[in-house]
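Asks: Everything below, folded, please.
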Amino acid sequence: MQLRAEQLDSHLKGTLAPLYVLHGDEPLLVIEAADSIRTAARARGFTEREVLVVTQYFKWSALAEAAGNMSLFGGDKLIDLRLPTGKPGRDGGDVLTRFAASPPAGTVTLITLPQMDWKAQKSAWFGALSATGVVMELNAPPLDRLPDWLAARLARQQQSADRDALEFMATHVEGNLLAANQEVMKLGLLHPPGRLTLEQVRNAVMDVARYDVEDLRQALLAGDAARASRLLDGLRAEGVAAPLVLWIIVAELRTLAIARAEMDAGRSADEALATARIFGARQSPYRRALARLSSGATRTALMQAARLDRMIKGVARGDVWDEFLQIALRVCAR
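Replies: Coordinates of the predicted model:
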């Protein structure tokens with residue numbers, strides 16, 4: 001059973017599942033969900049708790065021992081199993097598969113994992129856990145949904161804010177959900193319940209955003225020049241290596257150039273993107289990019305990228321990050 005983060009509180013008011021699996025790329029959301037499950041279990045009489053952390057020398061027999069080692073005088077037990085790597089190995093995978101097939105009575109098992117990619121989610125052991133228990137994938141909301149996430153957090157402390165204030169907050173905490181939550185809590189300490197103005201938010205919220213080259217790739221495909229510019233400034237400030245940024249940009253430019261050439265030759269967008277090895281749901285942002293970019297624009301951007309490569313290597317003169325901005329603006333032009 002798959003469960004979304006916003007459904008957890010309602011779910012925990014009912015009968016607890018024997019098994020919960022949490023994974024995702026946002027530690028704050030995983031921690032909060034795990035805390036909620038532990039609190040609900042404790043309130044239902046699962047007063048014992050045993051924490052198992054899978055390390056290099058972990059013995060998987062400990063899981064069966066934890067399930068069988070029930071206190072004579074205590075209540076039911078919560079088994080808190082943590083796999084920091086998300087890779088149980090062959091032995092661990094077999095144990096988890098058998099464990100999921102027959103969860104021990106009188107226990108609730110909470111398993112926390114890092115973000116699991118599609119390949120890991122297709123594994124036999126993860127499939128067995130999913131078939132038996134409740135699975136929650138807890139990822140950070142993308143930038144376009146971050147204002148709504150912030151609004152929901154403000155509502156918990158009886159506060160609200162106009163959309164422009166929420167968007168201002170979002171751009172200043174992007175990629176750093178833990179800091180975003182701290183900024184929301186700070187607003188609760190600084191101001192009473194009620195509606196917050198943009199000025200109040202501006203005065204309180206620090207710029208704690210973290211930037212990633214993947215965010216830049218998405219901004220370029222979306223044609224969001226303002227965000228691409230902001231991301232480049234952030235990547236530069238964080239000391240991200242210029243060759244890595246260039247590699248991301250060139251990879252996308254080559255993909256777009258291949259697909260654009262195929263479309264100019266009369267092929268459909270589906271055929272063109274398949275030739276560029278872009279399939280399924282991944283095609284959507286590329287379609288939008290191809291709708292605004294001509295073959296000439298992609299070729300010119302690639303020529304700029306070649307010049308930028310020489311600048312990074314020290315054989316051409318110029319400001320590397322200014323050149324990045326010029327390429328980004330060309331790719332985002334409408």
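Asks: Could you identify the longest helix within this protein?
Replies: helix 242-264 (DSSP state H).
Asks: Wait, a strand at Ala66?
Replies: No. Counting by DSSP: H, G, I helix; E, B strand; the rest coil, one finds Ala66 to be helix, located in no strand.
Asks: Just give the number of residues close to it.
Replies: A count of nearby residues for Ala66, using other Cβ atoms under 10 Å, gives 20. Every C-beta, even on glycine, is put in place using the N, C-alpha and C of the backbone.
Asks: so what pLDDT did it get?
Replies: Note on Ala66: pLDDT of 85.
Asks: and the nearest residue in space to it that is not next to it in sequence, which of the three is it?
Replies: Nearest residue to Ala66, sequence neighbours excluded (Cβ to Cβ, 6 or more residues apart in numbering): Glu50, at 4.7 Å. Following three-state DSSP, we place Glu50 in the strand state.
Asks: Now do Glu50 against Asp162, distance only.
Replies: Note on Glu50: its distance to Asp162, by Cβ to Cβ, to the nearest Å, is 48 Å.
Asks: again with Gly68
Replies: Using Cβ to Cβ, we find Gly68 at a distance of 56 Å from Asp162.
Asks: Check Glu271 too.
Replies: Distance, Glu271 to Asp162, using Cβ to Cβ: 46 Å.
Asks: Any idea how many residues pack against Arg299?
Replies: So Arg299, with other Cβ under 10 Å, has 14 neighbours.
Asks: quick one: pLDDT of the nearest residue to it once chain neighbours are set aside?
Replies: Closest residue in space to Arg299, ignoring its immediate chain neighbours: Ala257 at 6.7 Å, by Cβ to Cβ, 6+ apart. On pLDDT, Ala257 comes in at 92.
Asks: List the contacts of Ala257.
Replies: Ser295, Thr298, Arg299, Leu302 (Cβ atoms under 8 Å, 6 or more residues apart in numbering).
Asks: Closest one of those residues to Ser284?
Replies: Distance to Ser284, by Cβ to Cβ, is smallest for Thr298 among the contacts of Ala257, at 18.6 Å.
Asks: In a strand, the closest one, correct?
Replies: No. Secondary structure assignment places Thr298 outside any strand; it is helix (three-state DSSP).
Asks: Residue ranges in the stretch 101-250 of the chain under the pLDDT threshold?
Replies: For the stretch 101-250 of the chain, the stretches flagged by pLDDT under 70 are 207-209.
Asks: Just give me how far stretch 200-209 sits from the chain centre.
Replies: Relative to its chain's centre, stretch 200-209 lies at 22 Å (Cα atoms, centre = their mean, to the nearest Å).
Asks: quick one: buried residues of stretch 146-159?
Replies: In terms of neighbour count (16 or more other Cβ atoms under 10 Å), stretch 146-159 has its buried residues at Leu146, Pro147, Trp149, Leu150, Ala151, Arg153, Leu154, Gln159.
Asks: Where strands are concerned, which of those residues count?
Replies: Gln159 (DSSP state E).
Asks: can I get the buried residues of stretch 146-159 in TSV with distance to Val331?
Replies: Putting the buried residues of stretch 146-159 into TSV (distance: Cβ to Cβ, whole Å) gives the following:
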residue	distance to Val331
Leu146	24
Pro147	26
Trp149	28
Leu150	29
Ala151	32
Arg153	34
Leu154	35
Gln159	39
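Asks: Out of the buried residues of stretch 146-159, which is nearest to Ala100?
Replies: Nearest member of the buried residues of stretch 146-159 to Ala100, counting by Cβ to Cβ, is Trp149, at 31.5 Å.
Asks: correct me, but that closest one touches Asn139?
Replies: No. Trp149 sits out of contact with Asn139 when judged by Cβ atoms under 8 Å, with a separation of 11.4 Å.
Asks: quick one: buried residues of the helix or strand harbouring Arg42?
Replies: For Arg42, the host element (DSSP states H and E) is helix 27-43. For helix 27-43, the neighbour count (16+ other Cβ under 10 Å) marks Leu28, Leu29, Val30, Glu32, Ala33, Ala34, Ile37, Arg38, Ala40, Ala41 as buried.
Asks: How about stretch 115-126?
Replies: Met116, Ser123, Trp125, Phe126.
Asks: Same check on stretch 44-64?
Replies: Phe46, Glu48, Glu50, Leu52, Val54, Phe58, Trp60, Leu63.
Asks: swap in stretch 307-318?
Replies: Using 16+ other Cβ under 10 Å as the test for burial, stretch 307-318 gives Leu308, Asp309, Met311, Ile312.
Asks: okay if I get those as CSV plus secondary structure and pLDDT?
Replies: Output for the buried residues of stretch 307-318, formatted as CSV (DSSP: H, G, I helix; E, B strand; the rest coil; pLDDT from 0 to 100):
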residue, secondary structure, pLDDT
Leu308, helix, 91
Asp309, helix, 91
Met311, helix, 91
Ile312, helix, 91
